[in-house]
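Novice: I need the structure of the sequence given here:
(one chain, ligands or ions: 1)
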Amino acid sequence: MGNKREKSAKAFKKAQKVIPGGVNSPARAFSAVKMDPIFIEKGDGAYLYDIDGNKYLDCVNSWGPMILGYNPPQVINKLKKQLKNGTSFGAPTEIETEIAELIVDFYPAVDKVRMVNSGTEATMSAIRLARSYTGRDKIIKLEGCYHGHGDSLLVDAGSGVATLGIKGSPGVTKNTAEETIVVPYNDQEAVEKVFAKYASEIAGLILEPVTGNMGVIAPEAGYLEFLRKITRKNGALLIFDEVMTGFRLARGGAQEIYGIEPDLSTFGKIIGGGMPVGAYAGKEEIMNYIAPAGPVYQAGTLSGNPMAMQAGLATLKELKNKKIYSQLESKAEKLEKGFKRNIEKLDFPAYFNRVGSMFTLFFTEQKVKNYQDVKKCDQQLFAAYFKEMIEAGIYLPPSQFEANFISLALSDKDLDKTIEANYQVLKKLKVE
Ligand code: PMP
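Specialist: You can find the predicted model right below:
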C-alpha cells in the first residue's frame, strides 16, 4: 500500500518552514500520537475530507463548534447574505444585540454579554473583571482544566499543555503564576484549605464545570453546589468556563443541567457557529464594570464581527429547538452502549466517560475523576488506538487529554460504523 497521506506529509514539511511546528495551534500537530497531521480540504455533514482525497467520519468537529455538522444551510445562507453587505465595520450592528438577547434568554445567570474573538480572550477578560469587581488578586483554577492561553490561566492546564507534558509556559512571569492557585478537580477539601489560608485574597474560582480538556469528567454529586457555596461565603466570584459545554450539553450549558448559577460565564466555540468568537457574561451589576459602562478596559477591532455574529446567531436559532438535544443524547447514548459493549466483550482495559454529546475513552481500568487519574492512562495504547481508528476512517482528537464531540449530522449508520471500528481496533490491540 502506498502512502495514503502523501500530500498531507508534503504540506506539513512545507508548513514547518514558515509556521512554528507547522501548525497554528499545538493540539493539531498530532505530537502525542507521533503522526504527521492530516491537512483538510473540506467538511461536509458528518465527514472531513483530506487533501489526499481520504474521507473521515469526524468526532472532533473543530473541537466542538460544529454541533450541526459541516455547512448547515441555515448558517451558510446567512454568511452568504452578509458577504454581500460587508465583512467588518468596527461599528455596532443590530445582530450583536440579537445574539446577546438569545444568550440572556437561555442563561438565567446572565443579564449582559460582551463578545470577543476567542475563548482565551473571554476567560482572560472574565478574570480581569473578577479581580476588579472584588478588589482582590488571587485566582483558584483546577488542575487539568484549560481556559485558553492567557498568562494567569496557563498553569497546570489541560489540552495541549497536558499533551505536551508541561506544567506551564516560559514567558509567564513568576508573579503572575503565583497569583493562580491550583487544586485538583472534584476535591472539596483542597478548595476549603485554600479559602482557609487566603480567604480575603481570592477574586474568583474558575473551572470547566464538566471537563473536556483533560478528557471528559463529570463533577461528583454536590461538588458544584459546594463551589457555589464556598465562593459566595468568601466573597469570591464563581466563574464557569462554558466555552466547550455552553449550548453543547444543553441549551443552557452545564449550569442548566446541574442547576447552578455562576457569577460569570464564558462562552466560545458553538456561539460562533464555526467562526472565531468568544464571549463573557454575567449579572448586570458585575458586567457594568466593563468599559465604556465602567472602568475595566477590554476592546476588540473585530469583536462582534458581523460574519461571526451571523454564523453564531443562525446556529443558536437552530438550537432553540429543544428536540435537538434529545436527538444528540440518543446518538451519544447509542455510541456509549456500543463502546461499553465492546470493552466488556473483549475484556479490554478501558474506561468510558460521557456527558451529553461529549465523551472520552480512557485507556485505564480505573474510574477517572481528576487529572492525576488521566495521567495514569496508557498513552502508548491511546496512540496505537488513534492510528488504527484513522486507518478505519474515523477522525478522533489526537490526545488522551481531550474530548470527542458528536454532531447532529451523524446518522445511525455512521454510529454503527464507529462502534464496529472501535470493536475491530480494540480487538487488534488486545492481540498485539
Ligand atoms: N476554555 C475552554 C473550556 C476551552 O475548551 C478552550 C479551547 N478549547 C478555551 C477556553 C480557549 O478557547 P480558544 O481556543 O477559542 O481561545
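Novice: Could you measure from G212 over to I419?
Specialist: Applying C-beta to C-beta, to the nearest Å, the value for G212 to I419 is 22 Å. C-beta: built from backbone N, CA, C; applies to glycine.
Novice: more neighbours, the two?
Specialist: G212 (29 against 18; other C-beta atoms under 10 Å).
Novice: near the ligand, which residues of this protein show up?
Specialist: Contact residues (C-beta under 6 Å from any ligand atom) of the chain with the ligand: 63, 118-120, 123, 146-148, 159, 208, 212-213, 241, 243-244, 268, 278.
Novice: Let's see that with 5 Å instead.
Specialist: Contact residues (C-beta under 5 Å from any ligand atom) of the chain with the ligand: S118, G119, T120, H147, G148, E208, D241, V243, M244, G268.
Novice: Touching, S62 and G274? I think so.
Specialist: Yes - the criterion here is C-beta atoms under 8 Å, and S62 meets it with G274 at 6.3 Å.
Novice: These two: which is more packed in?
Specialist: Just comparing S62 and G274: by other C-beta under 10 Å the higher neighbour count belongs to G274, 24 against 17.
Novice: which residue packs closest to that one, ignoring adjacent ones?
Specialist: Closest residue in space to G274, ignoring its immediate chain neighbours: P65 at 5.1 Å, by C-beta to C-beta, 6 or more residues apart in numbering.
Novice: Next, the one you found: secondary structure please.
Specialist: coil (DSSP: H, G, I helix; E, B strand; the rest coil).
Novice: Report how many residues lie close to it.
Specialist: Neighbourhood size, P65 [other C-beta under 10 Å]: 26.
Novice: what about it, distance to L361?
Specialist: 22 Å.
Novice: quick one, phi/psi of the closest residue to the ligand within the stretch 51-200 of the chain?
Specialist: Residue of the stretch 51-200 of the chain nearest the ligand, by C-beta to the nearest ligand atom: G119 (2.2 Å). Backbone geometry at G119, expressed as degrees, to the nearest 10, gives phi -60, psi -40.
Novice: Tell me how this structure divides into domains.
Specialist: Following automatic domain parsing, the chain resolves into domains at 6-63+323-431, 73-318.
Novice: Give me whichever of those is most buried.
Specialist: domain 73-318 (a mean of 20; mean count of other C-beta atoms under 10 Å).
Novice: CSV for the domains of the chain, including mean pLDDT?
Specialist: Output for the domains of the chain, formatted as CSV (pLDDT from 0 to 100):
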stretch, mean pLDDT
domain 6-63+323-431, 97
domain 73-318, 96
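Novice: Which residue is the nearest non-sequential neighbour of the residue nearest to the spatial centre of the chain?
Specialist: With distances taken as C-alpha atoms, centre = their mean, M244 lies nearest the centre of the chain, 3.3 Å away. Distance criterion C-beta to C-beta, 6+ apart; nearest residue to M244, sequence neighbours excluded, is G212 at 4.3 Å.
Novice: what's the answer for V182, then?
Specialist: D156 (4.4 Å).
Novice: list the contacts for that neighbour?
Specialist: Residues in contact with D156 (C-beta atoms under 8 Å, 6 or more residues apart in numbering) are K141, E143, G144, K167, G168, V182, Y371.
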